[in-house]
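In: Return a 3D structure for these sequence lines:
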Amino acid sequence: MLAIAFLPSPQSTWADTPASGPAAPVVNPDDGSLVYEAVELQGNVRVAPTGTDPKVKTGWTQLKIGDTVKAGQQISVGIRSKVKLVARPADPPTVLLFDRLSLVNISELQIKDGAARSRIQLAHGAVRAGVAEGATRSDMEIESPVAVLSKKGTDIFGFEYDGNGQFRMFLTEQGRGLIQAIQTQSTSFGGLQNFRSRFVTPGQFITHQMVRAIDNVQFDRTINVNDVFGLGGADQLFALLNDRGLGILLNPGGNWTNLLGNNNAATGTVTPTDPTQQNDQSVLQQLNNTSGPRPTPGFIGGDFGIGQGRLPGIGRARNSFFRAAMNGSKGLGRTNFKR
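Out: Modelled structure (predicted):
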């Protein structure tokens, strides 16, 4: 079983329907081969043709146990009220529960192409349903102004919408299958295309907050923060120059492979980290060069260090570079390398 929740774009025509207005004005013709029968009822439950204003009494009749509901009708459930409906014929066995303060429209209800097709619009309220396995395949969709739950197969599920943009879809722990929430966006020709999706397994649920997370995830990006202790050779040198701002010590066109004592670029991957093997004068030459420092190039991910303290091999007091940097040299100022 697979249940799919589509999150339509704000330009959807159903999203423009007021929560307090008629459930839906569009009705697909049916052949009368499938109806819903009220088997349990509590409180005030009314039924009327699709498009009837729920704020007025005209056109509404009280729903009673044994009454049938077909396509082209809508149901209004009052406060402290609920109604349970079953499909007739009962293949596949289908049970629907419309809870308190629900306004539900049934736009399509028929057996077509070997499947029991149900198209339901939820203006506000809560719908809980269960479909058992049968000889006839179940094809049910429940639509709200902010999302559509499409269920094909067998499951126990629910859909709640408060009429103010907040919704909740869920599968019970006894249910089988998945709910796939798919965010869509409008195309230039007025259609919809899939944008992002997320699966919900039995026992889990999906809410409007998930939609906001999907909207924001496109702005997330990975920022590489290098562990200099785990790097060596040219990789360590590259991280120093590009992540910690030490590139200002280089002149335009300077030989940065020689900054920390490398002999040449070819030996960059085997740069000695023991200060006794480093050419301390190479650092001082860069510090004392009168040509002036060059700015560190900017990066989209940001230019910042990770504060890991003194680096192995080059962070000892005997190293000329750190002695010069910490004591100040040629306008460099005092630099504290904190952990």
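In: the bottom helix or strand of this structure by mean pLDDT?
Out: Lowest mean confidence among the helices and strands of the chain (mean pLDDT, DSSP states H and E): helix 280-288, at a mean of 46.
In: got the contact list for stretch 58-67?
Out: Here stretch 58-67 makes contact (Cβ atoms under 8 Å, 6 or more residues apart in numbering) with 37-41, 44-49, 52-54, 69, 75-76, 83. All C-beta atoms are positioned from the backbone trio N, CA, C, and that covers glycine.
In: Show me where the stretch 101-250 of the chain dips below the pLDDT cut-off.
Out: The stretch 101-250 of the chain contains residues with pLDDT under 70 at 152-154, 174-206, 208-233, 236-237, 239-250.
In: follow-up on the earlier one: can you tell me which of the contacts of stretch 58-67 are buried?
Out: In the contacts of stretch 58-67, burial by neighbour count holds for 38, 41, 45-48, 52, 54, 69, 75-76, 83, counting by 16 or more other Cβ atoms under 10 Å.
In: and which of the residues you listed is nearest Ala147?
Out: Proximity of those to Ala147 was ranked by Cβ to Cβ; the top entry is Ile75 with 20.1 Å.
In: nearest spatial neighbour of that closest one, skipping sequence neighbours?
Out: Leaving aside its sequence neighbours, Ile75 sits nearest to Val104 (Cβ to Cβ, 6 or more residues apart in numbering; 4.9 Å).
In: Tell me the bridge partners for the one you found.
Out: Taking DSSP bridges as the rule, Val104 bridges to Ile75, Leu122.
In: I'd like to know how far it sits from Asp91.
Out: For Val104, the distance to Asp91 equals 23 Å [Cβ to Cβ, to the nearest Å].
In: Thr207 now?
Out: 34 Å.
In: so Asp235, which of the three states?
Out: Secondary structure state of Asp235, per DSSP: H, G, I helix; E, B strand; the rest coil, is helix.
In: and it, how many neighbours does it have?
Out: Using other Cβ atoms under 10 Å, Asp235 is surrounded by 15 other residues.
In: so how many other residues sit close to Phe159?
Out: Neighbour tally, Phe159, other Cβ under 10 Å: 25.
In: Could you do Leu97 as well?
Out: With other Cβ under 10 Å as criterion, Leu97 counts 17.
In: Please name the residues that touch it.
Out: Counting by Cβ under 8 Å, 6+ apart, Leu97 has contacts 82-85, 127-129.
In: Let me know the closest of those to Gln121.
Out: Nearest to Gln121 among those, with distances taken as Cβ to Cβ, is Val127, at 10.4 Å.
In: Am I right that that closest one sits in a strand?
Out: Yes. Counting by three-state DSSP, Val127 is found in a strand.
In: and it, what is it in contact with?
Out: Per Cβ under 8 Å, 6+ apart, neighbours of Val127: 96-99, 102, 104, 120, 142, 158-160.
In: how does it look with 10 Å?
Out: Residues in contact with Val127 (Cβ atoms under 10 Å, 6 or more residues apart in numbering) are 96-99, 102, 104, 120, 142, 144, 149, 157-161.
In: can you check Ala38 too?
Out: Counting by Cβ under 10 Å, 6+ apart, Ala38 has contacts 45, 47, 63-69, 75, 83-86, 98.
In: So which of those residues are in helices?
Out: Among those, DSSP state H puts none in helices.
In: Can you flag which of these belong to strands?
Out: Judged by DSSP state E, the subset of the contacts of Ala38 located in strands is 45, 47, 68-69, 75, 83-86, 98.
In: Looking at these, spot the one nearest Gly134.
Out: Looking across the ones in strands among the contacts of Ala38 and measuring by Cβ to Cβ, the closest to Gly134 is Val86, at 12.6 Å.
In: State the distance from that closest one to Val39.
Out: 5 Å.
In: what residues are shared contacts of these two?
Out: Val95.
In: who's Val47 bridged to?
Out: Thr61, Ile75.
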